[in-house]
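Colleague: 3D model of this:
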Amino acid sequence: MHSRRAALEVHEWQGSFQGSPATVKMTSVIGHVYSLDFPAAYSSWDRVDPVELFDADTVKLEANPKAHVCRHLQQEAKGCDFLVLWLDCDREGENICFEVMDNALPHMRRVAPGQQQVFRARFSAISAAEVHAAMAALVLPNRAEALSVDARQELDLKVGVAFTRFQTRFFQGRYGNLDAAVVSYGPCQTPTLGFCVERHQTIVAFQPEPYWVVKPQLARAGEQLTLEWERGRVFDQDVGIMFSSAVKQAAALKVTSITVKEDRKHKPSGLNTVELLKVASSALNMGPAHAMSIAERLYSSGYLSYPRTESSAYPPNFDITGTLSSQTRHPIWGEYAAALLSQGVSRPKGGTDVGDHPPITPVRAATEDELGGGDAWLIYDYVARHFLGSLSGDCVLKKTKAVLTGGGEVFTASGSVVLKAGFTAIMPWRASQAAPMPLLTDGQTLQLKDVELVAGRTSPPDYLTEAELIGLMEKHGIGTDASIPTHINNIGQRNYVQVQSGRRVVPTELGITIIKGYQLIDPELCRPQVRAHVEAQIGLIADGKAQKDAVVAHTLEQFKAKFMFFVAHIARMDALFEASFSPLSSSGKPISKCGKCRRYMKYIAARPARLYCPVCEDLYSLPQVLLAGLHSPVLVDTAQGEQTYTL
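Modeller: Alright, predicted model coming up:
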């Protein structure tokens with residue numbers, strides 16, 4: 001094989017294609033070849049009314065101009081007869097296929113009429129077996145799936161930019177301490193923020209209530225028996241006193257029944273993307289965007305299967321035995337994997353196979369040293385253990401429950417013993433906290449040592465964790481398994497939320513105010529149902545059941561009407577901002593004279609840095625490159641032309 005470096009690496013070797021000798025040339029791209037944008041005529045935030053963006057044309061521009069990917073593809077395509085596409089097997093990958101085709105096909109040799117020239121490889125892991133199997137079953141690229149991505153890109157661009165430009169100009173022109181470079185709106189981002197703010201509103205509105213619980217203490221030397229009151233709790237102290245007095249007067253509790261039953265804690269189904277992200281956040285202390293980045297790197301390096309999948313059931317053609325065999329020599333769980341293999345592996349039941357990719361599994365065995373430790377090892381370790389756990393037996397418990405009565409009240413005691421560890425042997429964090437119940441007999445009488453009436457107060461729910469937020473996004477169809485981490489990351493970068501201890505997602509004052517404003521003007525702008533409906537329409541495009549242009553036109557018409565209503569009623573949101581943020585007139589410090597009125601302007605340091613003239617009421621954005629040293633002449637474009645200011 002011969003390798004060389006052009007704009008990107010190119011590898012060439014002599015092989016065969018469709019039974020004939022062939023020179024094979026392999027290269028790559030860097031994500032999407034193109035990005036969607038507006039023509040230059042719509043680039044000005046000041047001169048273009050945002051409502052015009054809904055009907056504006058769009059253009060595809062090279063996503064990484066400095067990488068020269070387009071030129072690279074065009075040059076390497078010269079002299080080639082066939083094109084085999086090995087992009088990621090999801091909708092985004094399908095869209096990239098057609099971007100590559102647009103650049104390569106015009107420069108390739110012409111083949112005989114009717115002869116297939118472009119082929120698509122379908123695979124779920126970068127392993128020899130998967131590559132050979134995909135090469136033996138090449139298909140056509142799926143244009144419907146590619147068009148669904150084009151539809152989502154156009155909708156998100158036009159809706160997001162229109163709302164973002166209007167909001168940013170309106171509020172940054174009035175308030176000085178927003179601490180946000182842009183006041184953005186996103187069709188997925190905003191409902192995601194909405195979940196966080198709704199939980200905040202529930203916490204703020206919560207009114208704690210006092211309650212009382214009857215807790216008897218038994219006089220049994222050396223034994224701890226925890227009793228649960230059947231009533232749970234009461235919210236009237238006098239009623240609680242009445243019940244506790246009745247139990248005290250009884251002076252003893254009688255065992256009226258003892259039941260013993262076998263219970264099962266079911267093994268996990270296959271691991272999909274959402275479950276991996278939830279575990280990474282709740283158990284491994286990783287943000288979803290970071291966890292996804294690591295999983296993708298492990299996939300590219302051949303350690304994990306494709307990490308973007310909605311499926312949690314292994315398809316019939318999945319090689320469970322081969323995947324399990326690859327782990328039998330692992331220094332940590334190799335013996336466990338070998339034992340599973342010797343018992344004879346049965347295909348796990350449960351889970352859902354949506355037909356995209358198999359669940360995430362290890363592809364080959366790797367040690368902590370081989371992966372460099374750190375988060376890469378934590379992700380790999382969890383994926384491998386989850387895979388082994390999904391092939392193990394259920395955890396079997398023997399549960400004992402005793403019912404005790406006294407003074408007309410009923411109490412229960414319970415305990416459990418592990419009979420078979422099952423999958424918890426390889427996933428110990430999923431093991432039940434089993435504790436055997438002290439020996440009791442039916443009809444036994446136990447003397448009371450004391451009866452307490454314990455007071456407490458109800459408490460509000462906590463802020464959403466990242467794992468809970470991911471679960472809500474999945475439930476309501478906000479984003480895809482691939483885009484969920486991006487949306488959560490965006491609301492943090494926009495200063496709408498902060499991730500605090502325990503990876504709790506706490507909304508900031510800016511995030512709370514924005515969502516409250518949407519709730520006052522048009523609650524659908526921040527509700528998940530609207531985006532879920534859009535995602536369903538995009539899904540119809542991907543399935544070939546709807547036309548892309550019709551879906552885009554209809555959806556844009558709806559959002560344009562919402563935008564115009566939002567603009568007409570912006571005063572409702574402005575009243576909330578006025579109560580939470582400082583006006584420009586009272587923000588900043590005098591720093592330079594205005595070129596129009598010669599009065600001192602104020603420097604607003606909060607993002608984005610600006611100059612504000614309180615006399616002319618003019619606002620000028622500052623180039624970010626100049627903010628490190630504030631003693632240089634700066635040119636600012638005004639209505640009177642360029643004016644020079646010294647900072």
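Colleague: Quick one: neighbours of I514, just the number.
Modeller: For I514, the count of nearby residues is 29 (other C-beta atoms under 10 Å). The C-beta positions use only the backbone N, C-alpha and C, and glycine is treated the same way.
Colleague: what distance separates whichever strand or helix holds it from the middle of the whole chain?
Modeller: I514 is part of helix 509-521, with elements assigned from DSSP states H and E. Mean C-alpha position of helix 509-521 versus that of the full chain (C-alpha atoms, centre = their mean, to the nearest Å) differs by 22 Å.
Colleague: Which strands or helices does it pack on?
Modeller: Helices and strands in packing contact with helix 509-521 are listed as helix 189-205, helix 570-580; criterion 3 or more C-beta pairs under 8 Å, 6 or more residues apart in numbering; DSSP states H and E.
Colleague: relative orientation of that helix and helix 570-580 in degrees?
Modeller: 150 degrees (axes from the mean of the first three to the mean of the last three C-alpha atoms, to 10 degrees).
Colleague: Can you give the contact residues for helix 509-521?
Modeller: Helix 509-521 is touched from outside by 167, 178-180, 183, 190, 193-194, 196-198, 200, 491, 494-497, 507, 525-526, 565-566, 569-570, 572-573, 576-577, 580-581, with contacts defined as C-beta atoms under 8 Å, 6 or more residues apart in numbering.
Colleague: So which bits of it are buried?
Modeller: L510, G511, I512, T513, I514, I515, K516, G517, Y518, Q519, I521 (16 or more other C-beta atoms under 10 Å).
Colleague: List every C-alpha atom in that helix, with coordinates, as CSV.
Modeller: Only the C-alpha atoms of helix 509-521 are listed here, as CSV (Å, rounded to 0.1, in the frame of the first residue of the first chain):
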residue,chain,number,x,y,z
GLU,A,509,-31.5,34.6,35.3
LEU,A,510,-31.1,35.2,31.6
GLY,A,511,-32.4,31.6,30.8
ILE,A,512,-35.3,32.0,33.2
THR,A,513,-36.3,35.4,31.8
ILE,A,514,-36.3,34.3,28.2
ILE,A,515,-38.5,31.2,28.8
LYS,A,516,-40.9,33.3,30.9
GLY,A,517,-41.1,35.8,28.0
TYR,A,518,-42.0,33.0,25.6
GLN,A,519,-44.6,31.7,28.0
LEU,A,520,-46.2,35.2,28.1
ILE,A,521,-46.1,35.8,24.3
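Colleague: Beyond it, next helix or strand please.
Modeller: Tracing the chain C-terminally past helix 509-521 and defining elements by DSSP H and E, one meets helix 528-542 next.
Colleague: name the helices or strands packed onto that next one?
Modeller: With contacts defined as 3+ C-beta pairs under 8 Å, 6+ apart, the packing partners of helix 528-542 are helix 143-172, helix 189-205, helix 466-476, helix 548-568.
Colleague: Serialize those to CSV and add fields for mean neighbour count and mean pLDDT.
Modeller: Supplementary listing: these in CSV, determined by neighbours: other C-beta atoms under 10 Å; pLDDT from 0 to 100:
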stretch, mean neighbour count, mean pLDDT
helix 143-172, 21, 95
helix 189-205, 20, 96
helix 466-476, 21, 94
helix 548-568, 16, 97
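Colleague: Distance to L276 added to these, as JSON lines?
Modeller: Below are those laid out as JSON lines (distance: least, C-beta to C-beta, whole Å):
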{"stretch": "helix 143-172", "distance to L276": "23"}
{"stretch": "helix 189-205", "distance to L276": "19"}
{"stretch": "helix 466-476", "distance to L276": "10"}
{"stretch": "helix 548-568", "distance to L276": "31"}
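Colleague: Quick one: closest of those helices to V410.
Modeller: With C-beta to C-beta, the closest approach to V410 among these belongs to helix 189-205: 33.1 Å.
Colleague: can you list contacts of that closest one?
Modeller: Where contact means C-beta under 8 Å, 6+ apart, the residues beyond helix 189-205 that reach it are 160, 460-464, 469, 472-473, 476, 478-479, 487-488, 490-491, 494, 496-497, 505-507, 511-512, 514-516, 518, 525-528, 530-531.
Colleague: which is the next helix or strand following it?
Modeller: Toward the C-terminus from helix 189-205 - assigned by DSSP H and E - lies strand 210-218.
Colleague: list the helices and strands that next one packs on?
Modeller: For strand 210-218, the helices and strands in contact under the criterion 3+ C-beta pairs under 8 Å, 6+ apart are strand 228-229, helix 237-250, strand 445-457.
Colleague: residue furthest from the geometric center of this protein?
Modeller: Within the chain, Q249 marks the point farthest from the mean C-alpha position, 56.5 Å out by C-alpha atoms, centre = their mean.
Colleague: Might you report the residue contacts of L371?
Modeller: L371 is in contact with L298, Y303, W377, Y380, counting by C-beta under 8 Å, 6+ apart.
Colleague: For this protein, which residues score under the pLDDT cut-off?
Modeller: For the chain, applying pLDDT under 70 flags the ranges 221-222, 585, 587-588, 606-607, 617, 623-647.
Colleague: I figured H290 was touching D375, is that so?
Modeller: Yes: the pair formed by H290 and D375 meets the contact definition of C-beta atoms under 8 Å, at 7.1 Å.
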